[in-house]
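# A structural model of the following input is requested.
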Amino acid sequence: MPGELALTVIDDADDPRIAAFRDIRERDLTGRQGRFIVEGTVVLRMLAAAHTSGGEFAAESILILENRLTGVSNILSAFPSDVPIYVAKAGVLDAIVGFHLHRGILAVGKRNGEKTLTDTIRQLPASSLVLAGCGISNHDNLGAMFRNAAAFHADAMFLDSTCCDPLYRKSLRVSVGSVLSVPYHRGGDALGMLETLATEGFDIWSLSPAGDTEIRHIPASRRMALVIGTEGDGLPEQVLSRFHTAHIAQSKQLDSLNAATAAGLALYQMAACMERL
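Numbering: from 1, shown residues only. Next up, the predicted model:
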């Protein structure tokens, strides 16, 4: 075991010190009262960066499979010494979490408060590209949207209250930890959220297969918001009729794209468009 790390060995799955890691799948369904589970090397590294930056997210404790310690010792050493690091053998770890955890790397994190919608917007730079989601209920799609937002330099994400929780374990994993690096706000109704963005100077572009403007032809502006709706129903009519609409040119054999794929394509184009300003 790496000598420079303060490690606590857990040999009993009922040890109260690791209660937050117990029966992970069941807790995914019932919620964690503001806490979330990080899984895997990449997301653990993102949590370490978020924790040490003093931002919104912090680690409370870490649980590592004994034979994974060497490979993640550099990440673990980035956490402050007051974050406990627990170590367990495979059989004990599986008994704790309730299934075979082949990655063997877990952490419990928390979000330190949450800014209001207006506060989140007003902390953005004067020139900003943001992604807004309405009714995104699929955790894979939401996680991939955060990953796209990070890849194409989106400054924030805004989600209405019908979107699923970005801090759900699967969303975090699919996002490769981008949920911890891309500022976001979740709550309220879609129209009110977008009206607030518009009031703060954003040109709102709602993406729809029937949108008026092909995404490559939208005019650049210093503040732009891309709006993505749920798969199947898409965006509500009250949103489409209120704001600019855009579409992605594609084969007529298919009427729509996966929400995350569409978001990635459109963000790439909008980011390139803004670079020309």
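# The nearest residue to A88 once chain neighbours are set aside: what's it in contact with?
Once its chain neighbours are removed from consideration, A88 has its nearest residue in I10; the separation is 4.5 Å (C-beta to C-beta, 6 or more residues apart in numbering). Backbone N, C-alpha and C define where each C-beta goes, glycine included. By C-beta atoms under 8 Å, 6 or more residues apart in numbering, the contact set of I10 is R17, I18, L63, Y86, V87, A88, V92, I96.
# Same question for A95.
Neighbour list for A95: A13 [criterion: C-beta under 8 Å, 6+ apart].
# and the host helix or strand of it, what's its mean pLDDT?
According to DSSP states H and E, A95 maps onto helix 90-97. Mean pLDDT, taken over the full extent of helix 90-97, equals 93.
# Following that helix in sequence, what is the next regular element?
strand 105-111.
# Just checking: what are the partner strands of that next one?
Each strand pairing with strand 105-111, determined using DSSP bridges, is listed with its direction: strand 35-39 (antiparallel), strand 57-65 (antiparallel).
# how far off helix 90-97 does the last one point, in degrees?
Per axes from the mean of the first three to the mean of the last three C-alpha atoms, to 10 degrees, the angle that strand 57-65 makes with helix 90-97 is 140 degrees.
# which outside residues touch stretch 149-156?
Everything outside stretch 149-156 that qualifies as a contact, by C-beta under 8 Å, 6+ apart, is 120-121, 124-125, 128-131, 148, 157, 175, 178, 181-185, 263-264, 267-268, 270-271.
# just to revisit the earlier point, for the helix holding A95, which positions count as buried?
Taking 16 or more other C-beta atoms under 10 Å as the neighbour-count basis, helix 90-97 is seen to contain the buried residues V92, L93, D94, I96, V97.
# Spatially central residue for the chain, please.
Within the chain, one residue has its C-alpha closest to the average C-alpha position: by C-alpha atoms, centre = their mean, that is V179, at 2.6 Å.
# Let me know the pLDDT of the residue nearest to A88.
In the predicted model, I10 carries a pLDDT score of 97.
# any idea how far G177 is from V43?
4 Å (C-beta to C-beta, to the nearest Å).
# sorry, that was for G54
If you measure G54 against V43 using C-beta to C-beta, the figure is 19 Å.
# do the same with P236
Noted for P236: a distance of 33 Å to V43, by C-beta to C-beta.
# who has more neighbours, the two?
Neighbour count, other C-beta atoms under 10 Å: between P236 and V43, V43 has more, with 26 against 17.
# Number of residues surrounding the closest residue in space to G98 that isn't next to it in sequence?
Counting by C-beta to C-beta, 6+ apart, the nearest residue to G98 once its immediate chain neighbours are dropped is D23, at 4.6 Å. Using other C-beta under 10 Å, D23 is surrounded by 13 other residues.
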